[in-house]
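*Asks:* A predicted structure for the sequence below; I have some questions about it.
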Amino acid sequence: MKRLLFSSALLQVKKQETPAAPDAKAAADIEKAGGAVRTLAQNDERLEVSFQLQGASITDKELALIAGLKKVAQLNLARTSVTDEGLRVLSTQPGLTHLHLELTKISDAGLVHLKTLRELEYLNLYGTGVSDAGLSNLSGLTNLKNLYLWQTKVSPEGVKKLKEALPKLAVNVGWDSAAPAKP
């Protein structure tokens with residue numbers, strides 16, 4: 001009798017530790033396209049989706065597949081061929097906290113689609129066509145903590161204006177040639 005109770009309790013614990021599975025069809029379609037879908041942790045059903053390893057072969061068509069997933073928290077589109085218009089699908093993921101767009105062709109027009117991502121904490125725009133004009137779309141993202149802007153068209157004045165709107169934001173603009181060398 002004790003063994004049965006122990007087994008039942010173990011089964012109950014195991015069931016609680018297993019995160020809810022992502023939508024199986026959407027996850028399979030993403031993986032077929034070369035992406036990867038994983039839960040963030042054993043006890044966290046939020047998802048991490050990455051297309052980075054497939055690089056330029058990933059387009060808006062593959063990105064659109066994330067609409068079939070629930071609870072995407074981290075999305076890596078670095079080095080892909082996604083476009084500004086393709087970012088429209090991000091509105092289906094209001095819980096997105098981390099977004100990698102580095103080395104893509106994203107411009108100011110794409111940042112318009114980020115306005116609804118109120119949970120966004122990390123945004124990497126390194127090597128994109130983003131300028132000061134696009135930064136205004138980020139001013140309402142009060143949870144944004146880290147922004148990477150090196151090798152963009154953003155000016156020091158644009159960064160200053162965004163930091164006035166989001167004083168807790170850490171902005172990394174890369175190596176500053178005007179900065180004195182450290183001994």
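*Replies:* Alright, I've got the coordinates.

*Asks:* hey, let's count contacts and neighbours off CA atoms from now on
*Replies:* Noted.

*Asks:* Settle this for me: Leu99 is touching Tyr122, isn't it.
*Replies:* Yes - counting by C-alpha atoms under 8 Å, Leu99 touches Tyr122, with 6.2 Å between them.

*Asks:* which one of these two has more residues nearby?
*Replies:* Counted by other C-alpha atoms under 10 Å, Leu99 and Tyr122 do not tie: Leu99 has more neighbours, with 23 against 20.

*Asks:* Tell me which residues are up against whichever strand or helix holds the more buried one.
*Replies:* Using DSSP states H and E, Leu99 sits within strand 98-100. The contact list for strand 98-100 (C-alpha atoms under 8 Å, 6 or more residues apart in numbering) reads 73-78, 120-125.

*Asks:* now the residue nearest to Val130 when sequence neighbours are not counted, which residues is it bridged with?
*Replies:* Distance criterion C-alpha to C-alpha, 6 or more residues apart in numbering; nearest residue to Val130, sequence neighbours excluded, is Ser107 at 4.5 Å. The partner list for Ser107 in beta bridges (DSSP bridges) reads Gly129.

*Asks:* what's the first-to-last distance across stretch 135-142?
*Replies:* 13 Å (C-alpha to C-alpha, to the nearest Å).

*Asks:* what does it rub up against?
*Replies:* 108, 111-112, 114-115, 117-120, 158, 162, 165-166.

*Asks:* Widest-spaced pair of these?
*Replies:* Comparing all pairs in the contacts of stretch 135-142 by C-alpha to C-alpha, the longest separation belongs to Glu119 and Gly158, at 22.4 Å.

*Asks:* Where does the prediction get shaky in this protein?
*Replies:* 1-22, 176-183 (pLDDT under 70).

*Asks:* Run through the strands of it in chain order.
*Replies:* With DSSP state E as the criterion, the chain has strands at 36-41, 44-50, 72-76, 98-100, 122-124, 146-148, 170-172.

*Asks:* Thought Val49 was touching Gln74, still the case?
*Replies:* Yes - Gln74 lies in contact with Val49 (C-alpha under 8 Å); the separation is 6.2 Å.

*Asks:* What residues sit buried inside stretch 164-178?
*Replies:* Of all the residues in stretch 164-178, those buried under the rule 16 or more other C-alpha atoms under 10 Å are 166, 169, 171, 173.
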